[in-house]
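1. Sharing a model that was predicted from the sequence below.
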Amino acid sequence: MPKEIKNLKDLQNTEYGLKKLFEEAEDFLPLLGTDYVELYVGNAKQAAHYYKSAFGFQSFAYAGLETGLKDRVSYVVTQDKIKLVLTSPLNKGGEINRHLEEHGDAAKVIALWVDDATSAFEETTKRGAKPFFEPRKEEDEDGHVIKSGIYTYGETVHIFVERKNYNGHFLPGFEKWESHYNPAPVGLKFIDHIVGNVGWDEMNKWCKFYAEVMGFAQIISFADDDISTEYTALMSKVMSNGNGRIKFPINEPAKAEKKSQIEEYLDFYNGPGVQHLALATDDIVATVSAMRDRGVEFLYVPDTYYDDITERVGEIDEDISLLKEHGILIDRDEEGYLLQLFTNNVLDRPTMFIEIIQRKGAQSFGVGNFKALFEAIERQQARRGTL
Ligand code: FE2
């Protein structure tokens, strides 16, 4: 297997190409897209306000005491195709409190939109997935959905959502959430990829899980010599489903002089979990600029990053001085280029962050930026005393 498949042509034409991989694979788990991501948080009401005000999400749906729930509350916010569910417990004890104590605020559920949630559960559990819950019907006056769930890395779960017989606003049990406070969207369109951090020597195990249990194919692999600085290192492989709509890079720490950022994550999260959500925009300068105005903090990118930028990435449509002003990173592969930037951690623990990405042809993940990025992360680790 080549170390890195860098462009769509490789993906389609080589013997390792996506097309061939998926022609060979039986499509036992057709996924229509990401349905929603659910975060367990300490205070869902305030978290929802943060994602609205800072990230331009819109109020969408609500479930809580007023809708008949006794033990939890959920606020759902949306922006274009992205839906985030923010859930907090209402009482002491229980599963969500235990999860919060263990992991802090966390992306618990990556929900996947399927045509048949019963078959998705059966096909994955018979291939070795650990059940989260068996297929169940949830209904209200707008129809019904079938949901089922399996575990992936750590305590993270995938919930399969079959909604073809449902015409309601979000899911049964939720009411429409209308608010008088509606900050404008910042141009976020859809989830480009979701990255998981797993433990030492566990990357291949979880790539195998996505390949064998969920029918994904590996599209890209980075060894530690690609992604290392003087001090820190990690290894990464990217798994994709058949239609390419779901992409899950999996990272594991690698040995280096000092503590890998992945190791820091594992220490604070107490195990494997979601490291970042990458959200796509088609105008990254406008998106990042709006987010900065609203108080979102991004990783500091040193001015020197831009010194040899034209040599590294060639001609691009954007004004380099604007990209430099906003600290936006650029990387090129054979298909085109991409622009990306990472927020600081959006939680108290140094665990989850958000990536903003604009693809201009490139189908890769910014490997050329990793070194510059990690040096920036290390500066923050040094300030936290965890390097
Ligand atoms: Fe990413």
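-> Perfect, I can see it now.

2. My understanding was that residue 118 contacts residue 146; is that so?
-> Yes: with contact defined as C-beta atoms under 8 Å, residue 118 reaches residue 146; the gap is 6.1 Å. Just so you know, the C-beta spots here come from the backbone N, C-alpha and C atoms, and that holds for glycine as well.

3. Name the residue in these two with the higher neighbour count.
-> residue 146 (23 against 17; other C-beta atoms under 10 Å).

4. residue contacts, the more buried one?
-> Going by C-beta atoms under 8 Å, 6 or more residues apart in numbering, residue 146 touches 116, 117, 118, 135, 136, 137, 138, 162.

5. Now the one helix or strand it maps to: buried residues?
-> If you go by DSSP states H and E, residue 146 is part of strand 143-151. Using 16 or more other C-beta atoms under 10 Å as the test for burial, strand 143-151 gives 145, 146, 147, 148, 149, 150.

6. Just send the residues you listed back as CSV, with distance to residue 371 too.
-> CSV is the format used below for the buried residues of strand 143-151 (distance: C-beta to C-beta, whole Å):
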residue, distance to residue 371
145, 44
146, 45
147, 42
148, 41
149, 38
150, 35
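
7. re the thing from before, now for residue 118 and residue 146: what residues contact both?
-> The contact sets of residue 118 and residue 146 overlap at 135, 162 (C-beta under 8 Å, 6+ apart).

8. Could you work out the most separated pair of the buried residues of strand 143-151?
-> By the measure C-beta to C-beta, 145 and 150 form the most distant pair in the buried residues of strand 143-151, at 16.9 Å.

9. just to revisit the earlier point, whichever helix or strand comes after the strand holding residue 146 packs against which elements?
-> Of the helices and strands lying after strand 143-151 in sequence (DSSP H and E), the nearest is strand 157-162. Helices and strands touching strand 157-162, as assessed by 3 or more C-beta pairs under 8 Å, 6 or more residues apart in numbering; DSSP states H and E, comprise strand 31-40, strand 106-114, helix 117-126, strand 131-140, strand 143-151.

10. 6 Å instead, please
-> Applying 3 or more C-beta pairs under 6 Å, 6 or more residues apart in numbering; DSSP states H and E, one finds that strand 157-162 makes contact with strand 106-114, helix 117-126, strand 143-151.

11. any chance of these in TSV, with distance to residue 310 too?
-> Below are the helices and strands packed on strand 157-162 laid out as TSV (distance: least, C-beta to C-beta, whole Å):
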stretch	distance to residue 310
strand 106-114	37
helix 117-126	47
strand 143-151	46
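
12. Which of those sits closest to the ion?
-> strand 106-114 (13.7 Å; C-beta to the ion).

13. Paired strands for the closest one, with orientation please.
-> Paired neighbours of strand 106-114 in the sheet (DSSP bridges): strand 31-40 (antiparallel), strand 157-162 (parallel).

14. what does this structure have sitting close to the ion?
-> Counting by C-beta under 5 Å from the ion, the chain comes close to the ion at 278, 355.

15. Mind splitting the chain into its structural domains?
-> 8-24+187-384, 30-176 (automatic domain parsing).

16. sec struct for residue 304, please.
-> helix (DSSP: H, G, I helix; E, B strand; the rest coil).

17. okay, now it: neighbour count?
-> Residue 304: 8 neighbours (other C-beta under 10 Å).

18. picking up where we left off before, just put the domains of the chain in JSON lines and tack on mean pLDDT.
-> Formatted as JSON lines, these follow (pLDDT from 0 to 100):
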{"stretch": "domain 8-24+187-384", "mean pLDDT": "86"}
{"stretch": "domain 30-176", "mean pLDDT": "97"}
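
19. could you pull out the strands for the stretch 201-350 of the chain?
-> Here the stretch 201-350 of the chain has its strands, by DSSP state E, counting those that start in this stretch, at 217-222, 233-240, 247-254, 273-281, 329-333, 336-342.

20. Need the ones you listed in CSV (columns: mean neighbour count).
-> Listed next are these as CSV, based on neighbours: other C-beta atoms under 10 Å:
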stretch, mean neighbour count
strand 217-222, 21
strand 233-240, 23
strand 247-254, 24
strand 273-281, 23
strand 329-333, 22
strand 336-342, 23
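
21. Nothing else from me, thank you.
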